[in-house]
Every structure is written in structure tokens, then in C-alpha cells.
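Visitor: Kindly generate the corresponding structure for this input.
(chains A, B, C and D)
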Protein chains: 2
Amino acid sequence: MAYRETEKMRQRKAEARKRIVNCTYQCVAEGGFRSARVTRIAGLAGVATGTIYRHFESREDLFAEIFRLATQREVDKVAEALASAGNGAERLERALRQFAERALKGPQMAWSLIAEPVDPKVEEERLAYRKAYANLFEKAIREGIEEGCIPDQDARQSSTCLVGAIAESLVGPLSPTQTSQGNSATQDNNDPLVNSIIRFCMQGLTGTRR
Amino acid sequence: MAYRETEKMRQRKAEARKRIVNCTYQCVAEGGFRSARVTRIAGLAGVATGTIYRHFESREDLFAEIFRLATQREVDKVAEALASAGNGAERLERALRQFAERALKGPQMAWSLIAEPVDPKVEEERLAYRKAYANLFEKAIREGIEEGCIPDQDARQSSTCLVGAIAESLVGPLSPTQTSQGNSATQDNNDPLVNSIIRFCMQGLTGTRR
DNA sequence: GTAAATAGTGAATCATTATTCATTCTTTGT
DNA sequence: ACAAAGAATGAATAATGATTCACTATTTAC
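Guide: The predicted structure follows:
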């Protein structure tokens, strides 16, 4: 008959958690997972190191959550592009462009999501993330096949190839040793890198030169 | 006027070094880089831990060398396939098949080379390795373009996409959590996975359905 | 055989951070 | 105001394995 968790407390805790998440996100966006120290995160969030562990089982779990979060944003954007107007092929093209352009705009985070060496739990999230893209693409490919704008093919396999082709094409340009920041001025639709990635992908999909 | 390195000694050292390399290779082929312990390697090679360090600056350097070695074998095989008879498109197809089939035959090593999280120096080797493939493919694509069996395109970009598409397609099947060993009986030319990867790739290249 | 030089050894050290937990501080209900 | 419960703290700990280095053994040249 004394202390019982009250709404106020619940909120305060939720805020602290959110702060931790945000600061971790920031650290990762700055220097990737590997260099994000629990101590620094705690410092930024204005809590003690130990407090992190009242909210997350472990550093890895925290990272996994951050990965999921960052990932979800990207996947949502691609899903959005795929939900727009037009036939399957057109929508896929828009989605691929979205993916690539967003990555080039936030290169450090994109690199961390796509290629940074990470611990097993986070790597698992990465597999899920790639699968999520592949699933989205797969659906669109199937639709394209039904509509007749994409020839019949193993939609699952093709979607995996799309993910691989685009990710690989980005690894070089994104890798921290290469990146000198300045790519943020990327004009939409104009990056020749993005254009040639997309050409290959669409050709692989449709078997049609353009 | 006493000891001077003699041929006999040079050989003995070379042998020890080779033994270390071989044992490391074996460890990696069994459990990947991450789980390969310097102590165990030394034990297998029949030398003291410290001896490793008379031959290699650090564990990372040792690993980098093993990576280079393993990689060279694979790259050579692909180069060989690309040097065979036929037009560019045919040779590329053979090369892609070679790549995929060999990977499926030695899944743990292939996974380590393609997707295992590794330290920076080794990651650098991985970038070089992927670039080596891309270079080979690029050359073949250019030849194909000249021969007229592949339409004009950005050969460099296409080669990168090829590497990505094939690597991504293999990550799932290769990943240690998925692999239950048994794929070694892969009959040549018959694995449907390999076939559909290749179909996508060749289509992306030639813009021609088959 | 001897001394100089190098090679080999492996137990002890080191370095790095994530994680813990005894303690202090806050909140709550009476 | 008090006690019960929980939350927060952060200095101390722990765990892990790579790396070192003082020492021993071996090789060579004379």
C-alpha cells in the first residue's frame, strides 16, 4: 500500500526511453553502430549508463531496435512509392529510385543499414529488412505480371536480385571511406548513378531495352 | 660472424607459415572468421601462439591474407570461365554459374567471403574482391558489346549489379542458420536457384527474354 | 666448442567496454 | 510524515582473447 506505477511515471519513463532511442539514432547516424558507445548515448540522453539497461536488455537489443526503426522509415517510403499510380513497372521504377536517392541523401545511416558489419541480433534485423524490401518488390512484380507490363518470371527470385543489385551499387558510393558528405545536393531524377542502376534493374525485370 | 639466415631456415620458416595459413583456412572454412581463435590456429599448426606473430602483424592481417587467398581461387575460376570459348554473353553466363555453384558447394567459406561481418582490414579485402569480379565482368560485357551480342550500356554499372544480384541471391541460402550442409550434391546446371539468378542477370544484361 | 644471432615459446598482460549492483533518490498511498 | 516500492545512479567489475616479451632453444660461422 505505497508506491504503484502511475500514469505520470509511465509517461516519464516513456520519455526517457524515447530520448535514449533518439540519441542512439543520432550516434549511429553520425558514426555507425560500431562506434556508438553506451556511455556516450547515456550522456547525450541525460541519464546514467545503468538506466539504459532498465529500458533495454543489452546494447545489441538497443541497436536492434534502432535498426528496426530506421529501417521501417525506409521500407515505408518504398511501400508508398509502390502504392502510387501507374502500372507495376512504373511503380517499381519509382520505388527503386526512392530507395537509392534516400540512401544517397543520408549516406552514413544508409551504409550502416546496408553494409556496416554488425552483431548477430542486428544482422538478423538486416536480413528481415532486406526481406521486407524483397517482399514489397515481389508483390509489385506479380501485379506487373498480371497486368502484362512485366513478363512472367520467378517474382521472388527477381525481387532478391533487385535488392542485391541496388544495394551493391550503393555500397561503394556510400562507404564512409568514399563519402565526402557533399552528395546531399542530389537533384531528383538526375543522378546518373541512380539512372543506370535503374536501367539495369528494369531491364532485368522486363527484358526490354529503353 | 655467427648466425645468418640460410636457405634451410628460410624454407623451414616458409613451411611454418604455410602451415599457419592452411590451418587458419581450415578454421575459417569450418566456422567463419569470427570464431577462429588465434590459440586454436596455433595449436592446429603445431606452433606457439607467439609464433603466429612472427609471421603476421596481427590476427586481422592473418585473416586478410586468408581472405585474399580464398578469394583468389574463386576469382581465378570465374576468370577461367570467362576465358572459355563462345561470345561474351555465353561466357558471362558460364562465369555466373561457376560463381554460384562453387559458392553453394562450400557454403561456410562462401558465406564468410560474401556476407560474414568482418573487421575493417578484411572488409577492405572484401571490397577489393567484389571489385575484382566486377572488373572481370565489365571486361566481358565490353567484349560482348563489341561483338554485338550485348546491347550498349554502362558496363561498369552493369557489372556491379551482376555482383550484387548474385551475392544477394546467395546470402539467404548460404547463411549458416539456413544451411544444413547437404547441398554438396548440387548437380551441375540443375539447381533451379542458380538458373533463375542467371536468367535475371542475363536479361538485365541483354534485355532479351529467353 | 663457442659465441653471436635469430627463432620459438606461452604464461602473463593489456585493453576495451558492456554490464552489474549496492546504494541513493523519488514517488506514492495512507 | 512515513514506509513501501520502484527508479536511477555510476563506479567497480567482468569477460574475453589478442598481443606481448622475457626467456629458452636452435642455428650458424669460426
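
Visitor: do the helix or strand of chain A with the lowest mean pLDDT and chain B meet at all?
Guide: Sorting the helices and strands of chain A by mean pLDDT, DSSP states H and E puts helix A:192-206 at the bottom, at a mean of 89. Yes. Contact of helix A:192-206 with chain B is found when judged by CB under 8 Å from any CB of the partner chain, involving A:193, A:196-197, A:199-201, A:203-205. In this view, the C-beta of every residue, glycine as well, is placed from N, C-alpha and C.

Visitor: So of these, which two are at opposite extremes in space?
Guide: Spatial extent of the residues of helix A:192-206 next to chain B (CB to CB) is set by the pair A:193 and A:205 at 18.9 Å.

Visitor: Can you pick out the residue with more neighbours from those two?
Guide: The neighbour comparison of residue A:193 against residue A:205 (other CB atoms under 10 Å in any protein chain shown) goes to residue A:205, with 30 against 18.

Visitor: I'd like the distance between that one and residue A:94.
Guide: Distance, residue A:205 to residue A:94, using CB to CB, to the nearest Å: 13 Å.

Visitor: again with residue A:119
Guide: From residue A:119 to residue A:94 the distance is 34 Å (CB to CB).

Visitor: Residue A:57 - how many residues pack around it?
Guide: Neighbour tally, residue A:57, other CB under 10 Å: 10.

Visitor: what about the residue in chain A that DNA strand D sits nearest to, is that helix, strand or coil?
Guide: Using CB to the nearest atom of the strand, the closest approach of chain A to DNA strand D is made by residue A:50 at 1.9 Å. Counting by DSSP: H, G, I helix; E, B strand; the rest coil, the backbone at residue A:50 sits in helix.

Visitor: any idea how far it is from residue A:162?
Guide: For residue A:50, the distance to residue A:162 - CB to CB - is 44 Å.

Visitor: Residue A:158: which element?
Guide: helix A:155-174 (DSSP states H and E).

Visitor: Tell me which residues of that helix come out buried.
Guide: A:155, A:157-174 (16 or more other CB atoms under 10 Å in any protein chain shown).

Visitor: Check which helices and strands whichever helix in chain A runs longest sits against.
Guide: Secondary structure of chain A per DSSP state H: the longest helix is helix A:120-147. Contacts defined by 3 or more CB pairs under 8 Å, 6 or more residues apart in numbering or on different chains; DSSP states H and E place helix A:120-147 against helix A:59-82, helix A:88-105, helix A:155-174, helix B:155-174.

Visitor: what do you get if the cut-off is 7 Å, keeping everything else the same?
Guide: In terms of contacts (3 or more CB pairs under 7 Å, 6 or more residues apart in numbering or on different chains; DSSP states H and E), helix A:120-147 is packed against helix A:59-82, helix A:88-105, helix A:155-174.

Visitor: In TSV, list the ones you listed along with distance to DNA strand C.
Guide: Below are those laid out as TSV (distance: least, CB to the nearest atom of the strand, whole Å):
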stretch	distance to DNA strand C
helix A:59-82	3
helix A:88-105	26
helix A:155-174	23
